[in-house]
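> Sequence first, then the predicted structure, then my questions.
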Amino acid sequence: MTLKLVLPKGRINTKVLALLSDCGIELVGGDRDYRPKAYGFDLEVKLLKSQNIATMVELGQHDIGFSGLDWIEEQSCQVEVLNHLNFDPVKIVACIPEDWDWEQMKAESKKGRKLIVASEYKNISDKYLSTLGVDYQILRAYGATEVFPPEDADMIIDNTSTGSTIRANRLKIIDTVMTSSTQFIANSKAMKDVGKRKDIDDLLMLMQAVMNGRERVLLEMNCASNKIESIVKLLPCMRYPTVSPLYQGELLSSPGFAVKAAVKKSEIRALLPKIIAAGATDILETAIRKAI
């Protein structure tokens, strides 16, 4: 059964395409092709702006898609989040001019001065500002939100990954409203369709296998027979390490063992000196494409 998949245009698309490629799914189309052909999985693919994806999936125009959590929240979309991919993490932040005093601004607002707040996120901003006890008006921005203060707005609520654009425009962050990253989402009705659910689960399994594989490497090593126990105790593998006797030739007993373990990349730097000290030799580190 063909699944209708909607993908984001822009920078998020690069990481999503890499994920699909590692799942064995290739998309073929020109730079201006909004309906690329998919090979490797039964998909009908369309590209849309990130802001539109969650709504289109909620309405059932598409079965599955990739959307930032910020736009799911902004549009209050009732979709099923299947995987928190954590691609392109950003913060939604409240900012004011760097030489302004936020406490003074709040005090003045409570005395009748209305805060003008520019943001692409009208609903997120409204929900946040309503908790502050200030008088405000939200000005809908359509990009380049950071240029509004100080002449046209007192505050902005916008997304940032590094904060460099905020600093370049002489603004300062006074609060983090929420954090956001890319989510793999599905339409609720599609998840209740037996045929579509099976295909969605299969795709989700492939994606999770790729994500798991990216976190780990396969560590292989040899060791003498009298070193095996001390080395195995050091290995933080997925379940148990694989231990095989080395070829013994004409010897009556094995000269040692070959050991394999899938280890988290983050643990390799600290682990290598320990296993070498414990007697591991001939160590190989290999990338893992998928781990299930």
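All right, it came through fine. Residues are numbered from 1 along each chain as shown.
> Against D199, how distant is D193?
Separation of D193 from D199 (Cβ to Cβ, to the nearest Å): 9 Å. All C-beta atoms are positioned from the backbone trio N, CA, C, and that covers glycine.
> got any ranges where the chain has weak pLDDT?
Scanning the chain for pLDDT under 70 picks out 11-12, 250-254.
> Mind giving me the packing neighbours of the longest helix seen in it?
Longest helix in the chain, counting residues (DSSP state H): helix 194-215. On a contact count with 3 or more Cβ pairs under 8 Å, 6 or more residues apart in numbering; DSSP states H and E, helix 194-215 meets strand 3-8, helix 11-22, strand 80-84, strand 182-186, helix 188-192.
> okay, whatever helix or strand comes next after it in CSV with CA atoms only?
Counting by DSSP states H and E, the next helix or strand C-terminal to helix 194-215 is strand 216-224. Below are the C-alpha coordinates for strand 216-224, written out as CSV (Å, rounded to 0.1, in the frame of the first residue of the first chain):
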residue,chain,number,x,y,z
ARG,A,216,27.3,2.9,18.0
VAL,A,217,30.4,1.3,16.5
LEU,A,218,31.4,-2.3,16.3
LEU,A,219,34.5,-2.9,18.3
GLU,A,220,36.5,-6.0,17.5
MET,A,221,39.6,-7.2,19.3
ASN,A,222,41.7,-10.3,20.0
CYS,A,223,43.0,-11.3,23.4
ALA,A,224,44.9,-14.1,25.1
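> so how far is I124 from the residue positioned nearest the centre of the chain?
Taking Cα atoms, centre = their mean as the criterion, N86 is the residue nearest the geometric centre of the chain, at 1.6 Å. According to Cβ to Cβ, N86 stands 20 Å off from I124.
> what does L19 give?
In terms of Cβ to Cβ, L19 sits 27 Å off from I124.
> do the same with R35
Distance of R35 to I124, given as Cβ to Cβ: 31 Å.
> Give the buried residues for stretch 10-26.
Judged by neighbour count (16 or more other Cβ atoms under 10 Å), stretch 10-26 contains these buried residues: I12, K15, V16, L19, L20, D22, C23, I25.
> Out of those, which comes closest to T286?
Checking those against T286 with Cβ to Cβ, the nearest one is D22 at 15.6 Å.
> Once you drop chain neighbours, what's closest to that closest one?
V210 (4.4 Å; Cβ to Cβ, 6 or more residues apart in numbering).
> quick one, what contacts the one you found?
By Cβ atoms under 8 Å, 6 or more residues apart in numbering, the contact set of V210 is L19, D22, C23, R289, K290.
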